[in-house]
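Participant: Sequence and predicted structure below; questions after.
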Amino acid sequence: TGVVPFVALLLLQRRPVAGRALLVSGSGCPSHGLCRSNVQEQTRRQVAVLNATAQELFSLYLKCQGEPFSSESDKLCNPAGIFFPAFRVNRTSERKEVMVAMYKLFAFLNASLGNITRDQEELNPMAKELLERLHNTTKTTRGLISNLTCLLCKNYNIFQVDVRYGDSSKGKSAFKKKQQGCQVLRKYVQVIGQAARVLLPHLSPS
């Protein structure tokens with residue numbers, strides 16, 4: 001079977017609900033000055049940190065929402081009904097395909113974390129530990145996106161990836177805001193482990 005060029009695949013995946021994440025400005029990738037010398041190792045560390053802290057973040061989130069989330073998390077936080085980027089790559093996938101899938105995943109996650117953090121600042125302004133963890137996770141995610149941007153540009157001259165984002169929680173009830181947050185974080189816990197297993201071998205020192 002023929003192989004569709006990867007950029008064409010990105011164009012085919014575009015949907016009206018998708019937001020276009022422009023990796024860098026201009027008509028292409030800059031030839032220098034974008035990447036740090038240790039970008040691969042830094043990316044490995046960021047993915048490892050996110051993987052190691054995801055479950056703790058989810059557990060703390062549940063604790064701060066109170067009932068019925070603490071006792072009925074399996075039911076209320078079931079992520080089946082929400083959008084989350086499909087993650088169909090595995091260890092045998094091409095490195096470029098893995099990097100693009102990772103970018104889509106973490107760009108979505110970064111936007112979702114902003115949504116969740118805004119809601120928690122409104123609903124649980126005294127939950128200092130939760131807010132700090134949300135801010136730290138967002139900071140790590142943004143750093144990771146920056147490094148993935150660099151690797152996509154440097155290695156594959158890919159400077160534009162279409163990213164679909166989740167629904168905003170603005171205007172929803174407090175309960176719905178809490179539920180949307182726990183659904184996203186539950187799915188995040190499920191996906192980040194898989195992402196780490198897939199990505200880390202592709203970033204091993206050559």
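Facilitator: Structure's in. What do you need?

Participant: could you say which helix or strand contains the residue lying closest to Gln65 once chain neighbours are set aside?
Facilitator: Residue nearest to Gln65 in three dimensions, not counting chain neighbours: Lys178, with 4.8 Å by CB to CB, 6 or more residues apart in numbering. Bear in mind the C-beta positions are built from the backbone N, C-alpha and C, glycine included. According to DSSP states H and E, Lys178 maps onto helix 174-202.

Participant: so what does that helix touch, helix or strand wise?
Facilitator: helix 39-65, helix 73-76, helix 95-123 (3 or more CB pairs under 8 Å, 6 or more residues apart in numbering; DSSP states H and E).

Participant: In the protein, where is pLDDT below threshold?
Facilitator: 1-34, 204-206 (pLDDT under 70).

Participant: who's in contact with stretch 186-202?
Facilitator: Residues outside stretch 186-202 that contact it (CB atoms under 8 Å, 6 or more residues apart in numbering): 43-44, 47-48, 50-51, 54-55, 58, 73, 77-79, 82, 84, 87, 89-91, 93, 95, 98-99, 102, 105, 109, 112.

Participant: what about Asn147, neighbour count?
Facilitator: The burial count assigned to Asn147 is 25, neighbours taken as other CB atoms under 10 Å.

Participant: check contacts around the closest residue to it other than its chain neighbours.
Facilitator: Taking CB to CB, 6+ apart as the measure, Asn147 lies nearest to Thr43, with 4.4 Å between them; neighbours along the chain are not counted. With contacts defined as CB under 8 Å, 6+ apart, the neighbours of Thr43 are 144, 147-148, 151, 199, 203.

Participant: can you check Leu109 too?
Facilitator: Contact partners of Leu109, counting by CB under 8 Å, 6+ apart, are 141, 188.

Participant: same thing but 10 Å
Facilitator: Under the criterion of CB atoms under 10 Å, 6 or more residues apart in numbering, the contact list for Leu109 reads 50, 84-85, 137-138, 141, 144-145, 166, 184-185, 187-188, 191-192, 195.

Participant: next one: Thr138
Facilitator: With contacts defined as CB under 10 Å, 6+ apart, the neighbours of Thr138 are 109-114, 116-117.

Participant: How about Ala80?
Facilitator: 183, 187.

Participant: Specify the local secondary structure of it.
Facilitator: In the three-state summary, Ala80 is assigned as helix, counting by DSSP: H, G, I helix; E, B strand; the rest coil.

Participant: for Thr92, same thing?
Facilitator: The three-state label for Thr92, taken from three-state DSSP, comes out as coil.

Participant: Any figure for the gap between it and Asp162?
Facilitator: 24 Å (CB to CB, to the nearest Å).

Participant: Give me the buried positions along stretch 118-127.
Facilitator: Counting neighbours by 16 or more other CB atoms under 10 Å, one finds that the buried residues in stretch 118-127 are 119-120, 124, 127.
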